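Student: Can you look at this prediction? I've put the sequence above it.
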Amino acid sequence: MSIKKVTQHPSQNEALIFERSQSGRVGYRLPKLDVEELNLNEIIPAELRRDDDLDGVPEVSEVDVIRHFTRISTWNYSIDLGMYPLGSCTMKYNSRLNEKVARIPGFANLHPLAPEEEAQGALELIYKLQQDLCEITGLAGISLQPAAGAQGEMTGVMLIRAFLDARDGEASKDRRVMLIPDSAHGTNPASAAMSGFTVKTIRSTSEGLTDLDHLRELCAGGDVAGLMLTNPNTVGLFERNIKEICGIIHDAGGLVYMDGANMNALVGVARPGDMGVDVIHLNLHKTFSTPHGGGGPGCGPCCCTLELEPFLPVPRIVKDGENYKL
């Protein structure tokens, strides 16, 4: 007896749309002409017209097209089919109601170059979002300029560098070490390296928490610019020594960046600013409810302390009397 090797997944044996084409099939039916018929040759110059009769374009019925793309759409892994397999991020289901709200025409269709006086509603909404996020994080400054979580993360690291350059002047070049626990979000080392820092890893204890003795050892050299950590960390544990960790970094002359990937666990319970954190980015598609993937997130807010606020990217929305402006 022989066993035939399966070379293709049985549920994914779907022909290409071109292979489903059959001559003469159409997927549309135009209504009866109710205006004067014109000669196409008189309207469109010959050099702008195709002369190959759309050779190669598949000829398929409407139902064939719908079934084909519906079938292959089920091959995509999505939040509708299962939990997101991203262990370091609290990815979740976002209510469809919030996506409907995000598509309200008055906001979604507002022209980006509309004058401020005609965009007061949108500006007010964004301004209030800024205020709410500052209250949630316990930090005074915020910018909504970063386009996504990863960009918000890098913005936070660049804030630290800009602040140190302004504070220490030429001596800041000697502070180019970014400390990152081995339990931090995996993107943190990349953001630090791209911002010109040398990354040094802090060990975790047997409990899965940041090793304070190793942290103090790494801070002893005087070259530490800051610390990047995720809280709760990527093994799902809240860093209960977070205030002491922040104190060690501040005493060493550095700043503390917190990755907001797991902020779901803290919202309404504790505020990073109260823990001693200097800067944090938020993922609106994780902690809040903007669309995942192609429909979002569109923004990765960066919140910071008052002393870091002057270094935030602009423009930012401010309130001037009863009006809002950039």
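Tutor: Yep, that arrived. From a predicted model like this one, the values you see are computed outputs, not experimental measurements.

Student: how about the CA coordinates for stretch 197-213, as PDB?
Tutor: Coordinates of each C-alpha in stretch 197-213 appear next as PDB, following Å, rounded to 0.1, in the frame of the first residue of the first chain:
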ATOM      1  CA  PHE A 197      21.600  54.500  21.200                       C
ATOM      2  CA  THR A 198      23.600  51.500  22.200                       C
ATOM      3  CA  VAL A 199      21.300  48.900  23.700                       C
ATOM      4  CA  LYS A 200      22.200  47.000  26.900                       C
ATOM      5  CA  THR A 201      19.900  44.300  28.200                       C
ATOM      6  CA  ILE A 202      18.800  44.000  31.900                       C
ATOM      7  CA  ARG A 203      18.300  40.500  33.100                       C
ATOM      8  CA  SER A 204      15.000  39.300  34.600                       C
ATOM      9  CA  THR A 205      14.800  37.600  38.000                       C
ATOM     10  CA  SER A 206      13.500  34.000  38.500                       C
ATOM     11  CA  GLU A 207      10.200  35.700  39.100                       C
ATOM     12  CA  GLY A 208      10.100  37.300  35.700                       C
ATOM     13  CA  LEU A 209      10.700  40.800  36.900                       C
ATOM     14  CA  THR A 210      13.500  43.300  36.300                       C
ATOM     15  CA  ASP A 211      16.600  42.500  38.200                       C
ATOM     16  CA  LEU A 212      17.300  45.600  40.300                       C
ATOM     17  CA  ASP A 213      20.800  44.700  41.200                       C
END
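
Student: pLDDT of that stretch, averaged?
Tutor: What stretch 197-213 shows for mean pLDDT is 96.

Student: Same question for it: list its buried residues.
Tutor: Buried residues in stretch 197-213, defined by neighbour count with 16 or more other CB atoms under 10 Å: Phe197, Lys200, Ile202, Ser204, Leu209, Thr210, Asp211. Using the backbone N, CA and C atoms, a C-beta is placed for each residue, glycine as well.

Student: Can you name the residues that contact the first one?
Tutor: For Phe197, the residues meeting the contact criterion (CB atoms under 8 Å, 6 or more residues apart in numbering) are Val157, Arg161, Arg176, Val177, Met178, Ala225.

Student: need those in CSV with secondary structure and distance to Leu54, can you?
Tutor: Formatted as CSV, these follow (DSSP: H, G, I helix; E, B strand; the rest coil; distance: CB to CB, whole Å):
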residue, secondary structure, distance to Leu54
Val157, helix, 51
Arg161, helix, 55
Arg176, coil, 59
Val177, strand, 61
Met178, strand, 56
Ala225, strand, 60
